[in-house]
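Asks: quick one: sequence and predicted model below, then my questions.
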Amino acid sequence: MKYPEYKAVNYAEVANEILEFWEKEDIFRKSIDEREGSPTFTFYEGPPSANGTPGIHHVMARTIKDIFCRYKTLKGFQVNRKGGWDTHGLPVELQVEKELGITKEDIGKKISVAEYNQKCREAVMRFTGLWSDMTDKMGYWVDMDAPYITYKNEYIESLWNLLKRLYDKGLLYKGYTIQPYSPAAGTGLSSHELNQPGTYRDVKDTSMTAQFKVQKDEKSQFLFDQAGDDEVYILAWTTTPWTLPSNAALTVGAGIHYSLVKTFNPYTHLPVNVVLASDRIGAYFNEKGKDGDFEAYPTSDKKILPWTVLGTFKGSELTGIHYDQLLPYVQPEEGDAFRVISGDFVTTEDGTGVVHTAPTFGADDFRVAQQNGVPAILVKDENGKDMPLVDRKGRFVKEVADFALEYVKAEYYTDEEIAAETEKQGRDKYLSVDERISIKLKEENRAFNVQKYEHNYPHCWRTDKPVLYYPLDSWFIKTTAVKDRLAELNKTINWKPESTGTGRFGNWLENLVDWNLSRSRYWGTPLPIWRNDEGEEICIGSVEELSQEIEKSIAAGFMTENYLKGGDYESFDLHRPYVDDVILVSESGKKLFREPDLIDVWFDSGAMPYAQWHMPFENKEIFDKAYPADFISEGVDQTRGWFFTLHAIAGMLYDSVAFKNVVSTGLVLDKNGNKMSKRLGNAVDPFETLKNYGADPTRWYMITNAQPWDNLRFDLAGVTEVRNKFFGTLTNTYNFFALYANLDGYNFTGNPDLSKCTELDKWVLSKLQTLIKEVDAAYEDYEPTKAGRAIQEFVTDQLSNWYVRLGRRRFWKGEISDDKKAAYETLGLCLKTVSQLMSPIAPFYADWLYKNLTGDAEKVSVHLSDMPVAKEEWINADLQTSMDYAQRISSMIHALRKANKLKVRQPLSKVLVPVLSKETRQLISSVDELIKTEVNIKSVEYLDDDSGVLSKKVKPNFKTLGPKYGKNMKDVAAAINGMSKEDLKSLETSGKIQLAVGEIELGDVEIQTEDLPGYLTAQDGNLTVALDITITEELKNEGIARDFVNKIQNYRKDSGFEVTDKINIQLQNNNEELAKAIEVNKDYICQEVQALSLEVIDSLSDAAELEMDEFVLVVKIRTA
RNA sequence: GGGCCUGUAGCUCAGGUGGUUAGAGCGUUACACUGAUAAUGUAAAGGUCCCUGGUUCGAGUCCAGGCAGGCCCA
C-alpha cells in the first residue's frame, strides 16, 4: 500500500470525512457488537433538556463522557450508552408561558391544562435536531436511536413503581415545609416569584428581646451557681414577636461564647441574670454601667443599667437546658420542646446570639428543630388536622386566646377593619399584635428590650402585602431514615475529584433532610396518590393497577369509563389533566381524589437507571447487566441534583450505589474567567468552533488545558496553539514517514526487530512503552488531562524533535536496508501506537491517522482496535538516562556555540566531558555518536579523575543531612562548603570523613566538577562540557563545504527540483579558499545534494548568484 | 452565613511524602537553522509562589486566620 501524503490538513475536514466513514460503516454499532460477550462497562447518560440550544460547555462535558467510554471499549469492554432527554420541569413551563404571553394564573382559564401541556411537550423536544447535530460533529458516541424520554408513559410508569415501593416501605409521607406564603393571595410563592424586582422592601417592624426563664436541673446548675440566684434568663431576639407563641426551642452556636450577666430589667427594674453572646454585650449594655453600683440603681434615675459579667461559657455547654414556655397558649402533645439546641446558622451579627426558634414559621427553625427532635407547636383544625397557630388567612387561631382571630400583620387589615379593631381595643391608636405582645411581656418581666427595627422583608408581588414563612403541605421521601446507609455507600464511590465526594457530597449527606417531592405545577410526573379527608389513601404503582382501581370506581358509580382500558401506551396520557379526572374508591367505599402535586423533576432523572428500561415491567436482563453504572459524569453543580437523586433512590430501594465512578466537571468560562452568557455576548458557539477548528483540536485543548474539575477558561487562541503545536507536529511527522516509506515502497509491520535497531530506535521504543503505561494508568484513574499531556509531550519533544530530527538522514539516505527498515518500523509503530492512545480524546483525527498507517491491513477503525500493552522488556532505563545526558550535553554545546558565534555547520574537533564514574562514562559513550552528529563535533573525549586536571566542588545534600543534623544544618553546610581538596579526596576513598561538626558520608554530599581552564565550559546540574574551539584548515574547509551544500539545497528547492532529481553543478572559481574547500570535499558535497558532477570552472554564463558568508557563489544547476 | 474548589512569569498550566538555585508551553525580544518548512534550535527579559501569623535547621509544599474569584446551599 501507499501511505497517503497530505499538503495541508484541515482538521474540520478530517472530522467530516471520518464521520461519514463511521456512519457508512456503522462503526459505533460495531464497536459495541464486536464486544458481545465481553464484560460490560456501564455508563449512564445524564439527560440534557432539549428545550435550549447546546453550548460549548456541553462539548466539554460530553468529551469527558466520551473519553472513558471509548477507552473502556479499547480495553475490551462492551460499552452500551443509551441517550436520554429530560423533558419536565419549570424551565420548560416558563419558556412556554413566555412564548404564549401568559402566566400561571391563566392556566385553566385562558388555556386548558391539556393545551398547556401539549405546548410543553412540543417545546421540550424542539432542539433535538441541533443536539443530534452537535453530538455527531463533536464525535460523541451515544445511542440516540432509542433514547429514553422522561415524559413517556412507560417512563412515568416506572417512576410510579418506584414511588409505590417507597410508599410500601413507609418512606413516602405527607408533611409540611416552610415556604414563602402570601395570606392575602392565599398561595405559596416560588423562589422565582420572590426574585421579582420590588418584592424585597425596607420596613420597620417591632423587634424584641425576650427573656426565657431557665429551669433548674443538673444541666443548668452551673448557671445558678454562677448567678448565686434562683432566676436566670436566656435572651433571644426576634423581629416577628407574633411567632413567640409558637416558640419551641432556642438555638445557640456550639462554638460561640456566651456570658452570664447580672443586671436589672429596664422596664420592671427588677434584678435579673441574663445569658447572651459575649460579643453582643456591647449592643445591650452601656460601657458606663459596667460593674456599676447595683445598690444605688433602684433610687437613681435608672438611665444607666449597672451590669457585671458573672461567667463565660461555650454554646455547647448550654445545649440541653430547658426553659419555661414564654407564652403558654398551646403545648405540644409529645416530644421534648422548650430546650436549648445548637444550629450552624447562628451568628453574633445581630440579636443576642440566641435564636428564638418557631418550627412552623422559619425554614432554618424547621430544619434545626427536625434535626434535634423538637416538636412544632400545632393545634387541630375542624377536621382534626394539624395546623399552626396562624391560619391560612394570616390570623391567630382561637387557642391563642388573647389575640384570637386577629391578623398577625396589620397590613392584612383594610382601613375600615383597622378602625373597628381600634375601637375594640379601646385605644385611640391601633396597636398591632406585635406591639401588644411586647406590652404584655414587658408587664410580665419577660421583655428585656423592645424597639422598632428596620430590615429588608419580602412582599407578595400581587398583593403588595408582606409574605409569611408558613408551613405548606408537601409530600416527602424520608431520606433521613437511610442517611447513615447513604453515607456508608458513598464511601465506596470513586469520586473525581475526591473532595467533591467527601466534602460537598459527604457533608450534604450528613446534614440530609427529607426530600421534598411536591411541586405545584402542571407539566411533570403526577404524584400517583389518591386520598380523602378521612385519611384513606392509595398509592398506584402501575398502569395496570390504576386501570383495575378505575374499574372498581366505575362499579361504585364514581366514574363512567376507563380511559386506560384496551389501549396501548400511545393511546392515553398519564399527565394532568387526565389523571386528575380519575376518582377512585376507598376500602370503605368513599371517593378518593388525586393529590394535585407533581413530583420534583430530579426524581425523574434520578430514576433513569430503572425507568430508561421501563423496569420492572420490561428488560429485566438488560437492567441486571447494566446496574449499577461503572461511570457517570456531570458538572459539579449536579452534586445535590442528579448525583444525589441517583444515589438516594439506589440506596433506598436497592441498598446499592447507583454509580461506582463519577467525574464531576467544572465550569467553562470565557477567556477572562467570566461566566459565559448569551446576553453578554461572550458565549462561544460550539458549531462555529467545531467548524473552524475541528472537533479534535477543540477536544484536545479542553482536556489538556485544565483538569476536568477545574474551571476552564476557554480561549480560542489556545485551540489554535494545540492545533499547530500538537496536531501540526504529529501530522508533519506522519507526512515525513509517508514520504520516505512510499519512496522506498516499504510497509511497516509493527514488529520492529530490536537486534537491527539503533540506540536511538531502542530509546524511542523504550519511551513509547513507558508512555503506554503512563497513559493507560491515567485513563484507568479517570485522569484524562495527565494522559493527554503525556501523549503530547512524547509526540512533540521525544518523537518529533529528537527521534526524527536526529534520525532523519537515515530515512532519505541510500537504498532500502536493514537499518532503514528498523527506522520505518520504529517510527511507524510509534505513530500507530500514538493514534490508539489518543483516540479516546481525539477520535476523528486518531482514526484518520490510524487508517492512513494501516490501510486495510488491520481493523478498519482505531476504535475497534485493542489498547496497546506495554512491552516491559523494551523499557531500558539506562538508555533513557543516556539519552537524557545526550540531550543535555547537546543543549549545552548549542549554547556555547551560540555564545561564541560558532554556527553548527562549522565542525569542531572535540568536546571534553568530565566524568566522575565509570557508569556515567558508559552511559554517555553509548550515545556519543548522536551528540557528535547533533552538534557537529568530531569527537567526544572523557576526563576522569586520573587525568588530574579536574577540579571538584562539593555541596551539601540537605535531604540526607536534614534528618541527621537537624538544628545544626547551618554549621554542617558551612563545614562541607569549606572542605579542602584533601578532605574531599579522603571522603571519596574511604566513603566518610570526620569533620568538626560530625561524621559525613559520601551520600551526604553532591560532587560536581568545576570549569576547565583553556576551554569554553558550560554546566547543567552534575554535567559539565568543555568545548575545544580551535578551527584547523581542514575543519574550516569542511565548514565551507557544508555551507555550500546548504546553499545548493535551498537553490534546488527554490528552483523547483524534486527530491529525487539528480543534478549537475557548475561553480565559477572566484575565490581560492572556496575553490579549494569545494575541491577537497567534492565527494561529500555530491552525495549530499545528489549531484552527478561538480565542476569548478573559470567562467560561467547565465549563472545564479548566491550569498554565502564572505563568499559569493556563482553557480549553475541542471537536471542530469 | 455555611460547605467545596481555585489563587505560582503578561497568558494557560506543572510543581509525590518539606530540602535551600520554583519549571514548561504560548507570547515578547535577539540570534541561528532550513530536503519535516504555516516547522525547528539557542538565548534574554519576565516571580512578593494571594496576604498575615505559626511549626521547622529549612515552607510554593504542613497548620491557623484572612483576602479575592467560582460553584452549590441557606
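Replies: Looks like it arrived, so ask away.
Asks: which strands and helices lie in contact with the helix or strand harbouring A:Thr251?
Replies: Assessed by DSSP states H and E, A:Thr251 sits inside strand A:249-252. On a contact count with 3 or more C-beta pairs under 8 Å, 6 or more residues apart in numbering; DSSP states H and E, strand A:249-252 meets strand A:339-342, strand A:354-357, helix A:363-372. Backbone N, C-alpha and C define where each C-beta goes, glycine included.
Asks: do the first one and RNA strand B meet at all?
Replies: No. For strand A:339-342 and RNA strand B, the contact criterion (C-beta under 7 Å from any atom of the strand) is not met; the two come no nearer than 13.0 Å.
Asks: show me what that strand packs onto, helices and strands only.
Replies: strand A:249-252, helix A:315-318, helix A:363-372.
Asks: for RNA strand B, which of the ones you listed is the nearest?
Replies: For RNA strand B, the closest of those is helix A:363-372, at 4.5 Å, according to C-beta to the nearest atom of the strand.
Asks: looking at chain A, which residue is nearest RNA strand B?
Replies: A:Gly962 (1.8 Å).
Asks: now the host helix or strand of A:Leu806: buried residues?
Replies: Here A:Leu806 is covered by helix A:805-812, with elements defined by DSSP H and E. Of all the residues in helix A:805-812, those buried under the rule 16 or more other C-beta atoms under 10 Å are A:806-807, A:810-811.
Asks: then stretch A:57-70?
Replies: Residues of stretch A:57-70 classed as buried: A:57-70 (neighbour count, 16+ other C-beta under 10 Å).
Asks: so A:Glu295 versus A:Asn265, what's the distance?
Replies: A:Glu295 is 17 Å from A:Asn265, where distance means C-beta to C-beta, to the nearest Å.
Asks: who's more crowded, these two?
Replies: Remark: of A:Glu295 and A:Asn265, A:Asn265 carries more neighbours, 19 against 9, as counted by other C-beta atoms under 10 Å.
Asks: ok, that one - contacts?
Replies: Residues near A:Asn265 by C-beta atoms under 8 Å, 6 or more residues apart in numbering: A:211, A:271-272, A:445, A:448.
Asks: can you map out the helices along the stretch 551-700 of chain A?
Replies: A:601-606, A:608-611, A:620-625, A:644-654, A:686-693, A:695-705 (DSSP state H, counting those that start in this stretch).
Asks: show me chain A divided up by domain.
Replies: A:200-458, A:539-596, A:697-867, A:884-1028, A:1033-1119 (the TED database).
Asks: packing partners of the helix holding A:Leu806?
Replies: Judged by 3+ C-beta pairs under 8 Å, 6+ apart, helix A:805-812 is in contact with helix A:729-744, helix A:759-780, helix A:818-838, helix A:928-935.
Asks: now do that helix: distance to the chain's middle.
Replies: Chain-centre distance of helix A:805-812: 44 Å, with C-alpha atoms, centre = their mean, to the nearest Å.
Asks: same thing with stretch A:54-61?
Replies: That offset, for stretch A:54-61, works out to 13 Å (C-alpha atoms, centre = their mean).
Asks: contacts for that stretch?
Replies: With contact meaning C-beta under 8 Å, 6+ apart, stretch A:54-61 is reached by A:48, A:127, A:130-131, A:134, A:138, A:633-635, A:665, A:667-668, A:676, A:683-686, A:689-690, A:698-699, A:702, A:712, A:714.
Asks: buried ones among these?
Replies: A:48, A:127, A:131, A:134, A:138, A:633-635, A:665, A:667-668, A:676, A:683-684, A:686, A:689-690, A:698-699, A:702, A:712, A:714.
Asks: need the helices and strands packed on strand A:339-342 in JSON lines with distance to RNA strand B and mean pLDDT, can you?
Replies: Converted to JSON lines, the helices and strands packed on strand A:339-342 look like this (distance: least, C-beta to the nearest atom of the strand, whole Å; pLDDT from 0 to 100):
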{"stretch": "strand A:249-252", "distance to RNA strand B": "12", "mean pLDDT": "90"}
{"stretch": "helix A:315-318", "distance to RNA strand B": "14", "mean pLDDT": "87"}
{"stretch": "helix A:363-372", "distance to RNA strand B": "4", "mean pLDDT": "84"}
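Asks: let me have those in a markdown table, adding mean neighbour count as columns.
Replies: Output for the helices and strands packed on strand A:339-342, formatted as a markdown table (neighbours: other C-beta atoms under 10 Å):
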| stretch | mean neighbour count |
| --- | --- |
| strand A:249-252 | 26 |
| helix A:315-318 | 20 |
| helix A:363-372 | 19 |
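Asks: and of the ones you listed, who's closest to A:Lys75?
Replies: Across the helices and strands packed on strand A:339-342, A:Lys75 has its closest neighbour in helix A:363-372 (45.5 Å, C-beta to C-beta).
Asks: show me what that closest one is packed against.
Replies: Checking 3+ C-beta pairs under 8 Å, 6+ apart, helix A:363-372 ends up next to strand A:172-182, strand A:249-252, strand A:339-342, strand A:354-357.
Asks: of the helices of the stretch 551-700 of chain A, which stretch is the most buried?
Replies: Mean neighbour count, computed with mean count of other C-beta atoms under 10 Å, is highest for helix A:695-705 among those, reaching a mean of 27.
Asks: so is it next to RNA strand B?
Replies: Yes. Using C-beta under 7 Å from any atom of the strand, helix A:695-705 reaches RNA strand B at A:Asn705.
Asks: what's the first helix or strand after that helix?
Replies: Criterion used, DSSP H and E; the element after helix A:695-705 is strand A:712-713.
Asks: name the helices or strands packed onto the following helix or strand past that next one?
Replies: Following strand A:712-713 in sequence order, the next helix or strand is helix A:716-722 (DSSP H and E). In terms of contacts (3+ C-beta pairs under 8 Å, 6+ apart), helix A:716-722 is packed against helix A:686-693, helix A:695-705.
Asks: return the distance of the first one from the chain's centre.
Replies: I take that to be helix A:686-693. Per C-alpha atoms, centre = their mean, the centroid offset for helix A:686-693 relative to its chain is 23 Å.
Asks: nearest spatial neighbour of A:Leu995, chain-adjacent residues omitted?
Replies: Leaving aside its sequence neighbours, A:Leu995 sits nearest to A:Ala975 (C-beta to C-beta, 6 or more residues apart in numbering; 4.8 Å).
Asks: and for A:Tyr267?
Replies: With C-beta to C-beta, 6+ apart, the residue lying closest to A:Tyr267 is A:Lys442, at 4.6 Å.
Asks: reformat the helices of the stretch 551-700 of chain A as CSV; add mean pLDDT.
Replies: Listed next are the helices of the stretch 551-700 of chain A as CSV, based on pLDDT from 0 to 100:
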stretch, mean pLDDT
helix A:601-606, 91
helix A:608-611, 96
helix A:620-625, 94
helix A:644-654, 94
helix A:686-693, 90
helix A:695-705, 92
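Asks: would you turn those into a markdown table with distance to A:Glu873?
Replies: Output for the helices of the stretch 551-700 of chain A, formatted as a markdown table (distance: least, C-beta to C-beta, whole Å):
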| stretch | distance to A:Glu873 |
| --- | --- |
| helix A:601-606 | 49 |
| helix A:608-611 | 44 |
| helix A:620-625 | 38 |
| helix A:644-654 | 45 |
| helix A:686-693 | 41 |
| helix A:695-705 | 30 |
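Asks: A:Glu858 is nearest to which of the ones you listed?
Replies: Nearest to A:Glu858, of all these, is helix A:695-705, at 21.0 Å by C-beta to C-beta.
Asks: helices or strands next to that closest one in the packing?
Replies: Helix A:695-705 is packed against helix A:11-25, helix A:56-74, helix A:128-138, helix A:716-722, helix A:784-793, helix A:843-854, with contacts defined by 3+ C-beta pairs under 8 Å, 6+ apart.
Asks: for the fifth one, list every residue counted as buried.
Replies: In other words, helix A:784-793. A:784-792.
Asks: who touches it?
Replies: By C-beta under 8 Å, 6+ apart, helix A:784-793 touches A:64, A:67-68, A:700, A:703-704, A:706-708, A:725-726, A:771, A:774-775, A:778-779, A:834, A:837-838, A:840-841.
Asks: how about the strands in the stretch 951-1100 of chain A?
Replies: Shown for the stretch 951-1100 of chain A, the strands assigned by DSSP state E, counting those that start in this stretch span residues A:952-956, A:992-995, A:998-1001, A:1005-1009, A:1016-1020, A:1023-1028, A:1063-1068, A:1091-1097.
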